[in-house]
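Student: I'd like to go over a predicted model; first the sequence, then the structure.
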Amino acid sequence: MYPMTLSEDQVRRITSTLIVAAALFMEMIDSTVITTALPAIGESFNTAAANLSVSVSSYLVALTIFIPLSGWLAEKYGAKRLFCLAIVIFSFSSYLCSISVDVTTFTLSRILQGIGGAMMVPVGRYIVFRETPKEGLVTAVALLTWPALFAPVLGPVTGGWITENWGWTWIFIINIPIGIVVFLAAVFILPDVKRTPDLRFDTLGFILTALGFGGIMAGVELMNGTSGDYLLPGLLVTLGIVISIIAIRYLKNAQNPLFTLEPFKIHTFKTSSLSGSVFGVALSTVPFLFPLEMQLALGYGATESGAMLLWLFLGNLFMKPLTTWVMNQFGFRRILLINGCLIALSFIGLSLLTSETPKLLIGVLLFVSGMCRSMQFTAFNTLGMSDVPNEQMKDASMISSIVSQMNIGVGIAVASLILGLVVQFSGSTLTDLSVANFATTYLVVAVFTLLALLDIRTLTSESGDSVLHHKHG
């Protein structure tokens, strides 16, 4: 049975987790809320909205480049100190974004914001996981998964509403009071983690990971903004992958690496990272493909298609309180396999949409898809940390942050690439998309998710049991 009352330590840990979750939500929603505000920002700067895509890309690239550095900074200068500094940087750069007068100053402010976010996300997760015992990990991960689930869905809707009613500057101004509250709460409540002041800096490791991960993310972002010319994005992604492979070989053999790859020797972490990435990429295609199909192929308006996407959010919201109970009852392997099949079926369901499909049926499909999305994200994130020892928690948290950050961008790029190839082979054009084009794209993504089940099958029925309260049968 679960305890009816919480101990003082449990209350402190849950409060700390909520503080970090608030910071994570602030960072993650900021990367999606801007998209619907770009036309208004462009009008303010007297430039086309397309010219502002660099501000979106630069934020995500800066985030990806500086995440690997955050682990070293946290260990050398203190995780709590760095987390608080990251909140200050993020909030101050939000203010700079709100007073920007042209594309250049806005982009530079976004880069600074990305650097702050890069230190905030993995370091916050590290503080929570480092101080949480195995029996409390399920609750901690459940709380920290909320931002990743809701930000991609709420971001565009919230951004559109704030821009329309208050003006685009409020998208950034609103971060300031939130940042102040989170900062004060972090200063007085978060525990500190032992630091290593004499830790040496791995310059070559940072350069290689920055070029590798940054190259991949830059290529992916260019791919998302291209109109079918994939040469430059493809070259950047390829170069980024090659340098990343070199970086991995270097990190394996370096005496004092920027971060270690030891967590990948843990089967549950490796499976969570690899199979979880496949599902993360697949699920990230829905917020991109669905509104596009609704508007370009099914004849819905922008507001109506955005409102329909809220069903996905409601599914997330409904399932979230149930995820812990489900994991305790059935175990990770069974959940991930069955839920993985349900996710594939939801993509098949999306492929069957037509202009005659009732709105209620579309809503139910998105609601169920949201439930499955919530379950899969939470299960993978919990499984990934279930067997990681405390001494590897910093590197595991940092690696997980890099992977989850890339999944969102790669998901949109994969959806765009598959849709582009489908259009090319069907003989149609990107300006004349049909229901059949989207149906084929959804089916390809469904196959993509089913392939990930092969890796999940290598788990045992006891995998991750160390963090579960009730042993499943």
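Tutor: Received, thanks. Numbering: from 1, shown residues only.
Student: name the residues of the top helix by length along the chain that are buried.
Tutor: Secondary structure of the chain read by DSSP state H shows that its longest helix is helix 393-426. Buried positions in helix 393-426, judged by neighbour count with 16 or more other Cβ atoms under 10 Å: 393-420, 422-423. C-beta here means a position set from N, CA and C on the backbone, and glycine is covered the same way.
Student: just checking, next helix/strand downstream of it?
Tutor: helix 435-456 (DSSP states H and E).
Student: and that following helix with helix 393-426, angle?
Tutor: Here helix 435-456 points in a direction 140 degrees away from that of helix 393-426 (axes from the mean of the first three to the mean of the last three Cα atoms, to 10 degrees).
Student: list the buried residues in helix 435-456.
Tutor: Neighbour-count burial for helix 435-456 flags 435, 437-446, 448-450, 452-453, 455-456 (criterion: 16+ other Cβ under 10 Å).
Student: show me what that helix is packed against.
Tutor: Counting contacts by 3 or more Cβ pairs under 8 Å, 6 or more residues apart in numbering; DSSP states H and E, the secondary-structure elements packed against helix 435-456 are helix 267-284, helix 286-296, helix 332-351, helix 393-426.
Student: of the ones you listed, which is nearest Asn51?
Tutor: Taking Cβ to Cβ as the measure, the helices and strands packed on helix 435-456 were each checked against Asn51, and helix 393-426 came out nearest at 19.5 Å.
Student: next up, phi/psi of Gly331, please.
Tutor: The phi/psi pair for Gly331 (degrees, to the nearest 10) reads phi 80, psi 160.
Student: how much space between it and Ala396?
Tutor: Shown here: Gly331 relative to Ala396, a distance of 21 Å by Cβ to Cβ, to the nearest Å.
Student: go on, Ile89?
Tutor: From Ile89 across to Ala396, the span is 24 Å (Cβ to Cβ).
Student: what of Asn381?
Tutor: Asn381 is 11 Å from Ala396, where distance means Cβ to Cβ.
Student: not counting sequence-adjacent ones, nearest residue to Ser369?
Tutor: Across the structure, with Cβ to Cβ, 6 or more residues apart in numbering as the measure, the residue nearest Ser369 apart from its sequence neighbours is Ser346 (4.1 Å).
Student: report the contact partners of the one you found.
Tutor: Ser346 makes contact with 365, 368-369, 372 under the criterion Cβ atoms under 8 Å, 6 or more residues apart in numbering.
Student: do the same with Val281
Tutor: If you count contacts by Cβ under 8 Å, 6+ apart, Val281 has them with 407, 410-411, 414, 448.
Student: what do you get if the cut-off is 7 Å, keeping everything else the same?
Tutor: Under the criterion of Cβ atoms under 7 Å, 6 or more residues apart in numbering, the contact partners of Val281 comprise 407, 410-411, 414.
Student: CSV for those, including pLDDT and distance to Leu232?
Tutor: Formatted as CSV, the contacts of Val281 follow (pLDDT from 0 to 100; distance: Cβ to Cβ, whole Å):
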residue, pLDDT, distance to Leu232
Asn407, 85, 22
Val410, 84, 17
Gly411, 83, 20
Val414, 85, 18
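Student: closest to Thr460 among these?
Tutor: Thr460 has its nearest neighbour among those in Asn407, at 25.6 Å by Cβ to Cβ.
Student: what's the spacing between the lowest-mean-pLDDT helix or strand in the chain and its chain's center?
Tutor: Counting by mean pLDDT, DSSP states H and E, the chain has its least confident helix or strand at helix 137-165, which shows a mean of 81. The chain centre lies 10 Å from the centre of helix 137-165; the measure is Cα atoms, centre = their mean, to the nearest Å.
Student: tell me what that helix is packed against?
Tutor: helix 8-33, helix 103-131, helix 170-173, helix 302-319, helix 323-330, helix 359-386 (3 or more Cβ pairs under 7 Å, 6 or more residues apart in numbering; DSSP states H and E).
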